[in-house]
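*Asks:* no sequence on this one, just coordinates:
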């Protein structure tokens, strides 16, 4: 049985009509697409800004660090040291599945330059891989409380060399240490990417001040 279905099941929320942009938002380990559903109204986007938010559900797989317990996951995590030993094959398959969701949005009439990819924690690692290798230019990449798991193996595509990358992290994060967020930022800027880095006094979560900042960033990326 393949790790990923042809098209991932997903929750979709549309803010207004007509739909002129899409945001594909990946959840973290053990969660599902409903995890960030409540964020959409909190963004308080302009009433005439038609955005389709897509929250895909990761498949349930055994996760090694949790004793093989089956839960929603974008890839298996083998060790929880600072460098996060992971099943990279799983991650790449997940990235391909998210790329297919991007393809589908383009087929639905949304230009690639009006598609944002966002990811929290484990979902953010997949978002990094997907956005930086996607063969058409995207509107932006939002990396939340996450890490650049494939930094040493990724083969980026030139189409997204100029993608705006917004990295956000909690200073009290005890799940994904902030050092991994800063490492991603340092790596990207050293490679010539347009990345910004912001921290918030929080743990492994989102906070209201951050959601307000995300709203501003989204409106700029999709204007």
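*Replies:* Yep, that arrived. Just so you know, these numbers come straight off a predicted model, no measurement behind them.
*Asks:* from the chain's centre, how far out does stretch 17-28 sit?
*Replies:* Relative to the mean C-alpha coordinate of its chain, stretch 17-28 is positioned 11 Å out (CA atoms, centre = their mean, to the nearest Å).
*Asks:* stretch 193-208 too?
*Replies:* 13 Å.
*Asks:* how about low-confidence regions in the protein?
*Replies:* Low-confidence segments of the chain, defined by pLDDT under 70, are located at 1-3, 82.
*Asks:* show me where it has helices.
*Replies:* 39-42, 88-107, 122-133, 178-190, 208-221 (DSSP state H).
*Asks:* just say which of these is most tucked in.
*Replies:* Among the helices of the chain, ranked by average contacts under mean count of other CB atoms under 10 Å, first place goes to helix 122-133 (a mean of 28). From N, CA and C alone the C-beta is placed, and that goes for glycine too.
*Asks:* returning to what we had before: dump the helices of the chain to CSV, plus distance to residue 66.
*Replies:* Converted to CSV, the helices of the chain look like this (distance: least, CB to CB, whole Å):
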stretch, distance to residue 66
helix 39-42, 26
helix 88-107, 15
helix 122-133, 12
helix 178-190, 19
helix 208-221, 27
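*Asks:* out of those helices, nearest to residue 69?
*Replies:* helix 122-133 (14.8 Å; CB to CB).
*Asks:* just want the angle from the closest one to helix 88-107.
*Replies:* For the pair helix 122-133 and helix 88-107, the angle between their directions (axes from the mean of the first three to the mean of the last three CA atoms, to 10 degrees) equals 60 degrees.
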